[in-house]
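Enquirer: Sequence first, predicted coordinates after that:
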Amino acid sequence: TISLRVIDSQGESDMDTIQVGVIDLPDAPDLSIVHPAATESGIEEEEFEFIVEVSDAQDDPEDIALAFESSLDGVFCTPTPDIQGTASCLAALSPGDHNLTFRAEDTEGYTSAATATFVVVPRTEIDDDGDNFTEVQGDCDDTDPNTYPGANELCNGVSDDCDDDVDEGAACAMAACGLPGFADGGIESACTA
C-alpha cells in the first residue's frame with residue numbers, strides 16, 4: 001500500500017492510497033564450475049572429471065537439467081545433480097582447444113550457463129618416459145627413457161638414437177665380431193678378417 005499526503009500553506013491536508021502488486025518472477029538456476037579450474041588441462045584418451053555446482057530458488061537440485069557441451073565434441077555429458085547440487089561426469093575429449101559451455105535449466109524453463117576453456121594435449125606431446133623428448137620431438141620409443149634422439153647407441157638390436165640405424169658404430173661392430181675388449185652384444189654378423 002502506497003499512501004500520499006499533501007499539506008498546503010494553510011495546514012489543510014488530504015491523503016490518498018493505492019495498492020501495488022509486485023510479481024516475484026522465478027529466478028534462473030545458479031551455476032558454478034568446479035572443474036576444470038583455470039590451470040587444468042586434459043590428456044588425449046584420458047578421462048577428466050568435469051564438476052559443477054547448481055542451485056535454484058524454486059526447484060530441488062536433482063530436478064535441474066544439465067548439459068555439458070564442447071565446441072569441438074558437442075554435448076558430451078548430461079549428468080543429474082545430487083541432493084547437494086553437485087553434478088559430475090567423466091569424459092575423454094578429443095585433442096585441441098575446447099570452449100566448454102555448462103547449461104542448467106529448471107522446471108519453469110529458466111536457464112543459465114557458465115563457460116570455460118579447456119585444452120586436451122595430444123598423447124604425442126607428452127613425455128611418457130621422462131627423457132625430455134616427446135614423440136613430436138622425435139622420440140621413437142616413448143616408453144624407454146634410454147631411447148631418444150641423440151642417445152648413445154647401445155648394442156641391443158634397437159635404434160637407441162632414433163635414426164633408424166640399428167647398432168651402428170665401431171663399438172657395436174667390434175662387439176659383434178667378438179674382438180677383444182668388447183662384450184658380445186648378441187648381434188650376429190658376418191665378420192671378415
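Expert: Cool, got the structure. These numbers were taken from a predicted model, which means no experiment stands behind them.
Enquirer: for C89, what are its contacts?
Expert: 49-50, 68, 76-77, 79 (C-beta atoms under 8 Å, 6 or more residues apart in numbering). (Glycine included, C-beta is placed from N, CA and C.)
Enquirer: repeat that for 10 Å
Expert: Contacts for C89 (C-beta atoms under 10 Å, 6 or more residues apart in numbering) come out as 47-52, 66, 68, 76-80.
Enquirer: just checking, next helix/strand downstream of the helix or strand that contains it?
Expert: For C89, the host element (DSSP states H and E) is strand 86-91. Using DSSP H and E, the helix or strand that directly follows strand 86-91 along the chain is strand 96-105.
Enquirer: need the next SSE after that next one, C-terminal direction.
Expert: Note on strand 96-105: by DSSP H and E, the next helix or strand toward the C-terminus is strand 111-121.
Enquirer: sorry, back to before: buried ones in the strand holding C89?
Expert: 87-89 (16 or more other C-beta atoms under 10 Å).
Enquirer: Find the helix or strand that the residue found closest to H35 once you drop the neighbours it is linked to in the chain is a member of.
Expert: In space, and not counting its chain neighbours, H35 is closest to I51: 4.4 Å by C-beta to C-beta, 6 or more residues apart in numbering. Using DSSP H and E, I51 sits in strand 48-55.
Enquirer: In that strand, which residues are buried?
Expert: Quick answer for strand 48-55 (16+ other C-beta under 10 Å): 48, 50-55.
Enquirer: just checking, what packs against the helix or strand following it?
Expert: As assigned by DSSP H and E, the chain's next helix or strand after strand 48-55 is strand 65-70. Other helices and strands packing on strand 65-70, by 3 or more C-beta pairs under 10 Å, 6 or more residues apart in numbering; DSSP states H and E, are strand 48-55, strand 74-77, strand 86-91, strand 96-105, strand 111-121.
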